[in-house]
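Enquirer: coordinates only, sequence not included:
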């Protein structure tokens, strides 16, 4: 067993170049891991009941990733102000034609993709207390895009 004193002596006995290589290796690992974790954190597909969804779209990488995922979904919301500025933090509620709530969540970005069974739905999107409500119909395998825009404050 190595004592604390021996461990300290071994580190002190290392050449400065060896310590620099270790430090560079640790820094490289953190550089590679941290961006991967944060770049995809807002694009995790989630499922509630029979509804799968994903949101994001903040930044080019996020838009590219969501664009590549879009083929697996049949509903896409784009949230923006009437001036054209994208918004996030939109509360999204989806209910079936009978009014049974299927999904109640908040979008992490201006794009929101959902996979629903073909049929009619009641949707509500609320941004800063202002709700937009619509009745929509989606097909099983065709992506329907709905732009939802709010007046600028």
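Expert: Alright, I've got the coordinates. Note that the structure is a prediction, hence the values are computed from the model and not measured.

Enquirer: From residue 150, how far off is residue 123?
Expert: Plainly put, residue 123 is 15 Å away from residue 150 if you go by C-beta to C-beta, to the nearest Å. Heads up, the C-betas are built off the backbone N, CA and C, glycines and all.

Enquirer: can you check residue 84 too?
Expert: 12 Å.

Enquirer: between these two, who's got more neighbours?
Expert: Set residue 84 next to residue 150 and count neighbours by other C-beta atoms under 10 Å: residue 150 wins out with 20 against 8.

Enquirer: Return the residues in contact with that one.
Expert: By C-beta atoms under 8 Å, 6 or more residues apart in numbering, the contact set of residue 150 is 80-82, 87, 127-128, 130, 132.

Enquirer: likewise residue 52?
Expert: Residue 52 touches 45-46, 72-73, 114-115, counting by C-beta under 8 Å, 6+ apart.

Enquirer: Could you rerun that using 6 Å?
Expert: 45, 115 (C-beta atoms under 6 Å, 6 or more residues apart in numbering).

Enquirer: in its sheet, what does the helix or strand encompassing it sit against?
Expert: For residue 52, the host element (DSSP states H and E) is strand 51-56. Sheet partners assigned to strand 51-56 using DSSP bridges are listed as strand 46-48 (antiparallel), strand 111-115 (antiparallel).

Enquirer: which of those sits most buried?
Expert: strand 111-115 (a mean of 24; mean count of other C-beta atoms under 10 Å).

Enquirer: got a list of contacts for it?
Expert: 52-55, 57, 66, 73-77, 92.

Enquirer: which of the residues you listed has the most neighbours?
Expert: residue 55 (27 neighbours).

Enquirer: ok, now how distant is that residue from residue 98?
Expert: According to C-beta to C-beta, residue 55 stands 25 Å off from residue 98.
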